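Asks: what follows is a predicted structure for the sequence shown.
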Amino acid sequence: MTVESESVEGEAVFPVSVDELWDALTDPQSVADWFGATVTWELTPGGDLEVHYGEGNARRGVIGEVLPYRRLRYWWWPVEDDQQVSEVTYALEPRGAETVLIVTERRAGPTAACAVNSSAADLAAVSSWRWSEWDTRLVHLWARAQRVTDR
Amino acid sequence: MGAAPIELMFAALGDPIRRQLVAQLSRDGALNGSQLARAHRVSRQAIMKHLGILADVGLVTRQRHRNEVRYELNTDQLNEAAAWLNAVGAQWDQRLAALHDHLRRRGDSRSQE
(Lines give C-alpha, C1' and ligand atoms only; values in the text may rest on other atoms or scores of the structure.)
Protein backbone atom coordinates (compact mmCIF):
# COMPACT_ATOMS: atom_id res chain seq x y z
CA MET A 1 0.00 0.00 0.00
CA THR A 2 1.20 3.46 -0.83
CA VAL A 3 0.06 6.81 0.46
CA GLU A 4 -0.93 9.25 -2.24
CA SER A 5 -2.64 12.53 -1.60
CA GLU A 6 -5.31 11.94 1.04
CA SER A 7 -5.74 8.30 0.16
CA VAL A 8 -4.06 4.93 0.37
CA GLU A 9 -3.76 2.87 -2.77
CA GLY A 10 -2.87 -0.76 -3.30
CA GLU A 11 -2.33 -2.64 -6.54
CA ALA A 12 -2.25 -6.39 -6.99
CA VAL A 13 -2.14 -8.70 -9.99
CA PHE A 14 -4.24 -11.86 -9.84
CA PRO A 15 -3.83 -14.85 -12.18
CA VAL A 16 -7.53 -14.97 -12.94
CA SER A 17 -9.92 -13.43 -15.44
CA VAL A 18 -11.76 -10.18 -14.79
CA ASP A 19 -14.98 -12.19 -14.37
CA GLU A 20 -13.45 -14.40 -11.68
CA LEU A 21 -11.98 -11.48 -9.80
CA TRP A 22 -15.22 -9.49 -9.96
CA ASP A 23 -17.04 -12.52 -8.57
CA ALA A 24 -14.55 -12.85 -5.71
CA LEU A 25 -14.90 -9.15 -4.92
CA THR A 26 -18.68 -9.01 -4.97
CA ASP A 27 -20.13 -12.41 -4.04
CA PRO A 28 -20.88 -12.24 -0.28
CA GLN A 29 -19.73 -15.83 0.30
CA SER A 30 -16.40 -15.18 -1.41
CA VAL A 31 -15.98 -11.82 0.29
CA ALA A 32 -16.51 -13.43 3.69
CA ASP A 33 -13.55 -15.72 2.95
CA TRP A 34 -11.00 -12.99 2.29
CA PHE A 35 -12.29 -9.72 3.67
CA GLY A 36 -12.10 -10.67 7.33
CA ALA A 37 -15.74 -9.79 7.86
CA THR A 38 -19.24 -10.66 6.79
CA VAL A 39 -20.35 -8.24 4.11
CA THR A 40 -23.92 -7.79 2.95
CA TRP A 41 -24.75 -5.27 0.29
CA GLU A 42 -27.20 -4.33 -2.36
CA LEU A 43 -24.93 -3.89 -5.35
CA THR A 44 -26.62 -0.96 -6.96
CA PRO A 45 -25.90 2.76 -6.65
CA GLY A 46 -27.46 3.94 -3.40
CA GLY A 47 -27.67 0.38 -2.05
CA ASP A 48 -26.94 -0.35 1.60
CA LEU A 49 -23.72 -1.91 2.79
CA GLU A 50 -23.16 -3.64 6.13
CA VAL A 51 -19.92 -5.11 7.38
CA HIS A 52 -19.74 -7.20 10.55
CA TYR A 53 -16.36 -8.10 12.01
CA GLY A 54 -17.70 -9.96 15.03
CA GLU A 55 -17.42 -8.89 18.66
CA GLY A 56 -19.84 -6.09 17.88
CA ASN A 57 -17.55 -4.29 15.45
CA ALA A 58 -19.42 -3.17 12.37
CA ARG A 59 -19.43 -0.63 9.58
CA ARG A 60 -22.22 0.71 7.47
CA GLY A 61 -22.07 2.20 4.04
CA VAL A 62 -23.67 2.99 0.76
CA ILE A 63 -22.80 1.85 -2.74
CA GLY A 64 -21.68 4.66 -5.00
CA GLU A 65 -20.93 3.11 -8.38
CA VAL A 66 -21.21 -0.34 -9.90
CA LEU A 67 -19.64 -0.91 -13.32
CA PRO A 68 -19.59 -4.72 -13.54
CA TYR A 69 -16.14 -6.18 -14.19
CA ARG A 70 -14.62 -2.68 -14.21
CA ARG A 71 -15.23 -0.64 -11.09
CA LEU A 72 -16.99 -0.72 -7.71
CA ARG A 73 -17.11 2.27 -5.42
CA TYR A 74 -18.63 2.62 -1.96
CA TRP A 75 -18.53 4.87 1.06
CA TRP A 76 -18.37 3.36 4.53
CA TRP A 77 -18.00 4.37 8.14
CA PRO A 78 -17.87 2.79 11.60
CA VAL A 79 -21.33 2.28 13.10
CA GLU A 80 -20.25 4.12 16.22
CA ASP A 81 -18.96 7.17 14.33
CA ASP A 82 -20.67 8.15 11.10
CA GLN A 83 -18.40 11.17 10.71
CA GLN A 84 -15.45 8.91 9.82
CA VAL A 85 -16.45 8.35 6.23
CA SER A 86 -14.10 7.02 3.62
CA GLU A 87 -14.54 6.16 -0.02
CA VAL A 88 -13.32 2.81 -1.34
CA THR A 89 -12.83 2.07 -5.03
CA TYR A 90 -11.99 -1.24 -6.69
CA ALA A 91 -10.76 -0.76 -10.26
CA LEU A 92 -10.19 -3.87 -12.39
CA GLU A 93 -8.05 -3.95 -15.51
CA PRO A 94 -7.49 -7.05 -17.63
CA ARG A 95 -3.84 -7.74 -18.48
CA GLY A 96 -3.59 -10.77 -20.70
CA ALA A 97 -4.74 -13.79 -18.72
CA GLU A 98 -4.35 -11.83 -15.48
CA THR A 99 -6.29 -9.04 -13.88
CA VAL A 100 -4.95 -6.00 -12.09
CA LEU A 101 -6.88 -4.77 -9.10
CA ILE A 102 -6.32 -1.26 -7.79
CA VAL A 103 -7.89 -0.56 -4.42
CA THR A 104 -8.11 3.01 -3.21
CA GLU A 105 -9.44 4.20 0.13
CA ARG A 106 -9.81 7.94 0.52
CA ARG A 107 -10.63 9.63 3.76
CA ALA A 108 -13.49 12.04 3.44
CA GLY A 109 -15.98 14.10 5.33
CA PRO A 110 -15.21 16.44 8.21
CA THR A 111 -11.96 14.70 8.93
CA ALA A 112 -10.69 14.66 5.36
CA ALA A 113 -7.07 13.71 5.24
CA CYS A 114 -4.46 14.14 2.60
CA ALA A 115 -1.04 13.09 1.54
CA VAL A 116 1.17 12.65 4.49
CA ASN A 117 3.67 10.17 5.54
CA SER A 118 4.86 10.09 9.08
CA SER A 119 7.52 12.59 8.14
CA ALA A 120 6.25 16.11 7.72
CA ALA A 121 9.26 16.81 5.50
CA ASP A 122 7.58 14.78 2.79
CA LEU A 123 4.94 17.45 2.59
CA ALA A 124 7.26 19.55 0.48
CA ALA A 125 7.17 16.96 -2.25
CA VAL A 126 3.42 17.10 -2.61
CA SER A 127 2.51 19.46 -5.39
CA SER A 128 -1.24 19.36 -5.29
CA TRP A 129 -3.61 19.04 -2.40
CA ARG A 130 -7.10 17.81 -2.57
CA TRP A 131 -9.58 17.63 0.19
CA SER A 132 -13.09 16.51 0.54
CA GLU A 133 -15.65 18.35 -1.50
CA TRP A 134 -18.46 16.59 0.25
CA ASP A 135 -19.24 15.46 3.74
CA THR A 136 -21.19 12.75 5.46
CA ARG A 137 -24.52 14.49 5.00
CA LEU A 138 -23.92 14.81 1.29
CA VAL A 139 -23.21 11.09 0.99
CA HIS A 140 -26.49 10.25 2.68
CA LEU A 141 -28.42 12.79 0.64
CA TRP A 142 -26.87 11.52 -2.56
CA ALA A 143 -27.80 7.94 -1.70
CA ARG A 144 -31.39 8.91 -1.01
CA ALA A 145 -31.62 10.96 -4.19
CA GLN A 146 -30.26 8.05 -6.18
CA ARG A 147 -32.93 5.72 -4.79
CA VAL A 148 -35.69 8.18 -5.59
CA THR A 149 -34.33 8.58 -9.13
CA ASP A 150 -34.18 4.80 -9.60
CA ARG A 151 -37.84 4.49 -8.66
CA MET B 1 -6.10 27.93 20.26
CA GLY B 2 -7.93 24.63 19.88
CA ALA B 3 -7.27 22.21 17.07
CA ALA B 4 -8.39 23.58 13.73
CA PRO B 5 -10.51 21.39 11.47
CA ILE B 6 -8.17 19.22 9.51
CA GLU B 7 -9.55 20.58 6.24
CA LEU B 8 -8.33 24.05 7.19
CA MET B 9 -4.92 22.62 7.97
CA PHE B 10 -4.62 21.06 4.54
CA ALA B 11 -6.06 24.15 2.89
CA ALA B 12 -3.24 26.12 4.51
CA LEU B 13 -0.81 23.62 3.05
CA GLY B 14 -2.11 24.31 -0.44
CA ASP B 15 0.52 27.04 -0.77
CA PRO B 16 3.98 25.79 -1.84
CA ILE B 17 5.87 28.27 0.35
CA ARG B 18 3.93 27.16 3.42
CA ARG B 19 4.71 23.52 2.60
CA GLN B 20 8.38 24.45 2.33
CA LEU B 21 8.19 26.23 5.68
CA VAL B 22 6.65 23.13 7.27
CA ALA B 23 9.34 20.94 5.72
CA GLN B 24 12.11 23.23 6.96
CA LEU B 25 10.74 23.46 10.49
CA SER B 26 10.45 19.69 10.49
CA ARG B 27 14.09 19.40 9.42
CA ASP B 28 15.70 22.21 11.41
CA GLY B 29 13.53 22.65 14.48
CA ALA B 30 12.47 26.04 15.87
CA LEU B 31 13.53 29.08 13.80
CA ASN B 32 12.74 32.79 13.86
CA GLY B 33 11.09 34.77 11.06
CA SER B 34 14.34 36.27 9.75
CA GLN B 35 16.01 32.87 9.46
CA LEU B 36 13.03 31.51 7.56
CA ALA B 37 12.83 34.56 5.26
CA ARG B 38 16.53 34.20 4.33
CA ALA B 39 16.13 30.50 3.58
CA HIS B 40 13.16 31.03 1.29
CA ARG B 41 14.30 34.26 -0.38
CA VAL B 42 11.08 36.10 0.28
CA SER B 43 10.49 39.19 2.40
CA ARG B 44 10.24 38.81 6.15
CA GLN B 45 6.80 40.40 5.92
CA ALA B 46 5.60 37.71 3.51
CA ILE B 47 7.07 34.96 5.68
CA MET B 48 5.35 36.37 8.75
CA LYS B 49 2.04 36.27 6.89
CA HIS B 50 2.55 32.62 5.94
CA LEU B 51 3.61 31.73 9.48
CA GLY B 52 0.51 33.45 10.81
CA ILE B 53 -1.69 31.28 8.61
CA LEU B 54 0.14 28.12 9.69
CA ALA B 55 -0.19 29.17 13.32
CA ASP B 56 -3.92 29.86 12.91
CA VAL B 57 -4.55 26.27 11.82
CA GLY B 58 -2.33 24.84 14.54
CA LEU B 59 0.53 23.66 12.36
CA VAL B 60 3.15 25.88 13.98
CA THR B 61 3.42 27.33 17.45
CA ARG B 62 5.12 30.57 18.47
CA GLN B 63 7.63 30.51 21.30
CA ARG B 64 9.27 33.57 22.80
CA HIS B 65 12.99 32.94 23.25
CA ARG B 66 14.87 35.88 24.84
CA ASN B 67 14.24 38.79 22.47
CA GLU B 68 12.88 36.84 19.54
CA VAL B 69 9.89 34.78 18.55
CA ARG B 70 10.66 31.32 17.23
CA TYR B 71 8.33 29.13 15.24
CA GLU B 72 8.10 25.41 15.81
CA LEU B 73 6.21 22.71 13.94
CA ASN B 74 3.26 21.12 15.72
CA THR B 75 2.81 17.68 14.18
CA ASP B 76 -0.06 16.39 16.32
CA GLN B 77 -2.68 16.70 13.59
CA LEU B 78 -0.34 15.43 10.88
CA ASN B 79 0.47 12.43 13.03
CA GLU B 80 -3.24 11.71 13.47
CA ALA B 81 -3.74 11.72 9.70
CA ALA B 82 -0.65 9.58 9.17
CA ALA B 83 -1.90 7.06 11.76
CA TRP B 84 -5.17 6.67 9.83
CA LEU B 85 -3.35 6.21 6.55
CA ASN B 86 -0.96 3.65 8.01
CA ALA B 87 -3.76 1.66 9.67
CA VAL B 88 -5.94 1.61 6.56
CA GLY B 89 -2.98 0.71 4.34
CA ALA B 90 -2.10 -2.24 6.58
CA GLN B 91 -5.70 -3.49 6.54
CA TRP B 92 -5.80 -3.46 2.73
CA ASP B 93 -2.42 -5.22 2.55
CA GLN B 94 -3.92 -8.01 4.66
CA ARG B 95 -7.13 -8.17 2.61
CA LEU B 96 -5.30 -8.29 -0.72
CA ALA B 97 -3.04 -11.08 0.56
CA ALA B 98 -6.14 -12.97 1.74
CA LEU B 99 -7.78 -12.41 -1.65
CA HIS B 100 -4.72 -13.97 -3.31
CA ASP B 101 -5.10 -17.03 -1.05
CA HIS B 102 -8.84 -17.20 -1.69
CA LEU B 103 -8.39 -17.20 -5.48
CA ARG B 104 -5.57 -19.75 -5.28
CA ARG B 105 -7.74 -22.11 -3.20
CA ARG B 106 -10.59 -21.68 -5.66
CA GLY B 107 -8.27 -22.47 -8.55
CA ASP B 108 -6.89 -25.53 -6.75
CA SER B 109 -10.33 -26.92 -5.97
CA ARG B 110 -11.40 -26.44 -9.60
CA SER B 111 -8.35 -28.25 -10.94
CA GLN B 112 -9.08 -31.20 -8.62
CA GLU B 113 -12.65 -31.53 -9.92
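Replies: Sure thing, it's come through. Numbering: from 1, shown residues only, chains lettered A, B, ... in the order given.
Asks: beta partners of B:Arg64?
Replies: Beta bridges link B:Arg64 to B:Val69, judged by DSSP bridges.
Asks: and it, what's its pLDDT?
Replies: On the pLDDT scale, B:Arg64 is placed at 90.
Asks: give the contact list for the residue of chain B most remote from its centre.
Replies: In chain B, counting by C-alpha atoms, centre = their mean, B:Glu113 sits farthest out from the average C-alpha position, at 53.0 Å. B:Glu113 makes contact with no residue under the criterion C-beta atoms under 8 Å, 6 or more residues apart in numbering or on different chains. Placement of C-beta: from N, CA and C, glycine included.
Asks: ok, it to chain A distance?
Replies: For B:Glu113, the distance to chain A (C-beta to the nearest C-beta, to the nearest Å) stands at 15 Å.
Asks: separation between that residue and A:Ser86?
Replies: From B:Glu113 over to A:Ser86 the distance is 39 Å, taken as C-beta to C-beta, to the nearest Å.
Asks: so what's the residue count around residue 19?
Replies: The chain I'm using is chain A. 13 (other C-beta atoms under 10 Å in any protein chain shown).
Asks: you answered for a different chain; I wanted chain B.
Replies: Residues contacting B:Arg19 under the criterion other C-beta under 10 Å number 21.
Asks: that one: which element?
Replies: Using DSSP states H and E, B:Arg19 falls within helix B:16-28.
Asks: who are the packing partners of that helix?
Replies: Applying 3 or more C-beta pairs under 8 Å, 6 or more residues apart in numbering or on different chains; DSSP states H and E, one finds that helix B:16-28 contacts helix B:33-40, helix B:44-56, strand B:60-65, strand B:68-73.
Asks: make JSON lines out of those and add mean neighbour count.
Replies: Listed next are these as JSON lines, based on neighbours: other C-beta atoms under 10 Å in any protein chain shown:
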{"stretch": "helix B:33-40", "mean neighbour count": "16"}
{"stretch": "helix B:44-56", "mean neighbour count": "17"}
{"stretch": "strand B:60-65", "mean neighbour count": "14"}
{"stretch": "strand B:68-73", "mean neighbour count": "18"}
